[in-house]
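# What would the 3D arrangement of this be:
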Amino acid sequence: MTPRVPPRLVATLGPLLSAAAAAEALAADTEPDDLAQTLWLRLAEDTRAAGPPPDPVRWLRDALRAELRRAETAPRPGRPGPAEASDPLQPDPAELALTAERHRAVRAAVHRLPGRCARLMTAFLSPRDLTYREIAGELGISQGSLGPERSRCLGCLRRMLAAEVAAPDPWGKER
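Take a look at the predicted model:
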């Protein structure tokens, strides 16, 4: 059964609904006829469920606002919706490029580290995700000395990178 709008409501709201839909559709970047049709359908459903609204003009204003809010968040063809615009699963290409550049700079600095530090840090950065036991076996050092050695090497790497990427002085001059 198709919901019907009482003829009294059609006569009362008809011109007002058409005018409001036409005016608001321009601002909402939607078709006036689509907005009007949606409002008529909503009125028919509400009338069927709860009877005619006591204040039809107020109902129209509230329904129009609700529909416009819904239309703002609904995706339209050719324009990404809110989920597509900020999808955390799709990384930003600029951010990917910056991350790749940072990784390249760190790996280049690791290869310039003195002594065993280059081999140790390369093992820690390995894509194989080695355990302390595997790293110690690969480098021929005790597992207990790995932690202190890693700390010394990280300190050396930190100083090396800080010298290459000089932070600006508090007074605007670079060091």
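
# How far off centre is the host helix or strand of residue 59?
Assigning secondary structure by DSSP states H and E places residue 59 in helix 56-73. Between the centre of helix 56-73 and the centre of its host chain there is 27 Å, according to C-alpha atoms, centre = their mean, to the nearest Å.

# what helices or strands is that helix leaning on?
On a contact count with 3 or more C-beta pairs under 8 Å, 6 or more residues apart in numbering; DSSP states H and E, helix 56-73 meets helix 7-28, helix 32-50. (Each C-beta comes from the backbone N, C-alpha and C, glycine too.)

# Out of the ones you listed, the one nearest residue 90 is which?
helix 7-28 (27.0 Å; C-beta to C-beta).

# Which positions in the closest one come out as buried?
Neighbour-count burial for helix 7-28, with 16 or more other C-beta atoms under 10 Å as criterion, is recorded at 9, 13, 17-18, 20-21, 24-25, 28.

# thinking again about what came up before, now what about the helix holding residue 59, what contacts it?
Residues outside helix 56-73 that contact it (C-beta atoms under 8 Å, 6 or more residues apart in numbering) are 9, 12-13, 16-17, 20-21, 24, 28, 30, 35, 38-39, 42-43, 46, 53, 81-82.

# can you state the direction angle for that helix and helix 7-28?
30 degrees (axes from the mean of the first three to the mean of the last three C-alpha atoms, to 10 degrees).

# on that earlier part again, select, out of the helices and strands packed on helix 56-73, the one closest to residue 163.
Closest among the helices and strands packed on helix 56-73, using C-beta to C-beta: helix 7-28, at 55.8 Å.

# hang on, the earlier thing: pLDDT of the helix holding residue 59, averaged?
For helix 56-73, mean pLDDT rounds to 81.

# re earlier: output the helices and strands packed on helix 56-73 in CSV; the columns should cover mean pLDDT and distance to residue 66.
What follows is those, written out as CSV (pLDDT from 0 to 100; distance: least, C-beta to C-beta, whole Å):
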stretch, mean pLDDT, distance to residue 66
helix 7-28, 78, 12
helix 32-50, 82, 8
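
# out of the buried residues of helix 7-28, which one sits closest to residue 131?
Nearest to residue 131 among the buried residues of helix 7-28, with distances taken as C-beta to C-beta, is residue 28, at 57.9 Å.

# Do I have it right that residue 112 meets residue 121?
No: contact criterion C-beta atoms under 8 Å: residue 112 and residue 121 do not qualify, at 10.6 Å.

# Looking at these two, which has the bigger crowd around it?
Shown here are residue 112 and residue 121; by other C-beta atoms under 10 Å, residue 121 has more neighbours (22 against 12).
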